Every structure is written in C-alpha cells, then in structure tokens.
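Chemist: Sequence unavailable; structure follows:
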C-alpha cells in the first residue's frame, strides 16, 4: 500500500481557518490529504480536546500512512511536510518525529506577536518516560506513523484530570511507545487567539489561554 500523508483539522474558528488551509496548499510536498471537520459549537470545558479527535480520525487512516494535526488557528510553514515526511521516508525505523515551532499571540486585526519557541533540533535526541514532552511539545509540531497509534491507548475518560492535557498526554504516550525524534528548524507557527477555547487557571480564577500566556511568558 502506498503511503499517504494525512493532515487532520477540527475547526471551530472559521475566521482563521482559511489561513490554515492556505498554508496546507502552499506545501512543497503534495502527496497528502487534508480533512477538515467543522465544529463551531464546541465547548472544550465539557468535551474531549483536539488530540482525541486527532487520535480517533487517525485510526481511520491506512496503516502505512503518516498522520499530523493542524489546528485551525495555526500555520504550517511550506517545508513542514517535506521535512517531517521526508525524515520518516528515510528512516523507516522511526515511528514519529517533530520540528520546532514559533508561538505567537494573535489578536486580530493586530499582527501576531512572537513570544516563545518550542523545541526542535537537537534539544533532546528522544523523549522517554523520564523526559516527558508535556508543556514542551505541541501537537502541531509532529508527524506519526499511523501504525504507532495501535501501540497506545487513548483517550482518557472525560472526567479524568488529564483528559484535557491533549498534546502532552498524547505525545507522552507516543514517546513511551516508540520515541519522538527531533528535526532542526522551525516547521510551524502556533497562534494563541482570543478565540482559543482552552481555559487556564491562575490564582483560582479561570482565564482564556491568550491572557494566561501573556501573563506567563509575555510578548516580545
């Protein structure tokens, strides 16, 4: 069976979705499909996070496919598929890989403001149970062989305290099963917007992610 790259997106921010789609169309590698499922009524406080959708949809793909996630408010750089899928092509023994990310605070119509980098390159040669990527690796950075998902269990029950830790939990499970290997260079721009639905807690008060990240890291 021929390998196909599968890009999965669950969309609940239509105003930003077109930029995400445009970044997929601008890829230098073209052997991919892009599935977008609109969910404009989503409430992440009472539902599974995006990684559950990613994991469920991914299991519908062919066993030889490569699977990756693109949030509707993020933007793939043109080299994303070429770098990640190219690495998996050249290293059949590797189950998952990732590149670096630049994160931005995005308050339309203002331009995005850069505030931090998430690791790529040679930061860690492999993630393990001792070096867990929760909080350091976003689901938009990696690509995984579809067959790897048969080695992990997901999701948590919705009432579980870790059910909303979507990217970190899924990354840790993949890392424990097969490792996640880093590639040099930035492959994606991640944008936190006022529409970002995940809510963080600070001093007992709930605040939206864009405000929480501004307070934690600041924009520069």
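Modeler: Happy to help now that I have it. In this text, all values refer to a predicted model and were calculated from it rather than measured experimentally. Residues are numbered from 1 along each chain as shown.
Chemist: start to end distance for stretch 68-79?
Modeler: With Cα to Cα, to the nearest Å as the measure, stretch 68-79 spans 14 Å from end to end.
Chemist: With stretch 21-30 instead?
Modeler: Stretch 21-30 stretches 14 Å from its first residue to its last (Cα to Cα).
Chemist: Would you mark the buried spots in the longest strand that the chain contains?
Modeler: Looking across the chain with DSSP state E, the single longest strand is strand 181-192. Residues of strand 181-192 classed as buried: 181, 182, 183, 186, 187, 188, 189, 190, 191, 192 (neighbour count, 16 or more other Cβ atoms under 10 Å). Placement of C-beta: from N, CA and C, glycine included.
Chemist: per-residue confidence for the fifth one?
Modeler: We note a pLDDT of 96 for residue 187 in this prediction.
Chemist: cool, and the first one?
Modeler: At residue 181 the predicted local distance difference test score is 86.
Chemist: thinking it is in contact with residue 96, fair?
Modeler: Yes. Under the criterion of Cβ atoms under 8 Å, residue 181 makes contact with residue 96 at 7.1 Å.
Chemist: hey, what's in contact with both of these two?
Modeler: The contact sets of residue 181 and residue 96 do not overlap (Cβ atoms under 8 Å, 6 or more residues apart in numbering).
Chemist: that older thread, looking at the buried residues of strand 181-192, which one is closest to residue 109?
Modeler: Nearest to residue 109 out of the buried residues of strand 181-192 is residue 191 (Cβ to Cβ; 13.6 Å).
Chemist: residues contacting that closest one?
Modeler: By Cβ under 8 Å, 6+ apart, residue 191 lies in contact with 16, 73, 74, 75, 103, 104, 105, 106, 112.
Chemist: What about these, which one has the most neighbours?
Modeler: Within the contacts of residue 191, most neighbours by other Cβ atoms under 10 Å means residue 74, with 26 neighbours.
Chemist: Roughly how far does that one sit from residue 22?
Modeler: Using Cβ to Cβ, to the nearest Å, residue 74 is found at 12 Å from residue 22.
Chemist: Quick one: low-confidence residue ranges for the chain.
Modeler: Along the chain, segments meeting pLDDT under 70 span 1, 40-52, 122-135, 154-166, 168-169, 195-220.
Chemist: can you rerun that using 90?
Modeler: By pLDDT under 90, the weakly predicted segments of the chain are 1-3, 9-16, 37-60, 63, 71-73, 93, 103-140, 149-182, 184, 191-220.
Chemist: Tell me where it has helices.
Modeler: Assigned by DSSP state H, the helices in the chain fall at 14-25, 50-58, 80-90, 166-178, 209-216.
Chemist: For residue 144, find the nearest of the ones you listed.
Modeler: Smallest distance to residue 144 across these (Cβ to Cβ): 5.9 Å, for helix 166-178.
Chemist: other SSEs contacting the closest one?
Modeler: helix 50-58, strand 96-105, strand 142-145 (3 or more Cβ pairs under 8 Å, 6 or more residues apart in numbering; DSSP states H and E).
Chemist: Could you look over those and pick the most buried one?
Modeler: Mean neighbour count, computed with mean count of other Cβ atoms under 10 Å, is highest for strand 142-145 among those, reaching a mean of 26.
Chemist: Tell me the strands beside it, with direction?
Modeler: Sheet pairing here is set by DSSP bridges, and for strand 142-145 it gives strand 66-69 (antiparallel), strand 96-105 (antiparallel).
Chemist: Bridged to the nearest residue to residue 181 once chain neighbours are set aside, which residues?
Modeler: Excluding its sequence neighbours, the residue lying closest to residue 181 (Cβ to Cβ, 6 or more residues apart in numbering) is residue 97, at 4.6 Å. Beta bridges link residue 97 to residue 143, residue 181, judged by DSSP bridges.
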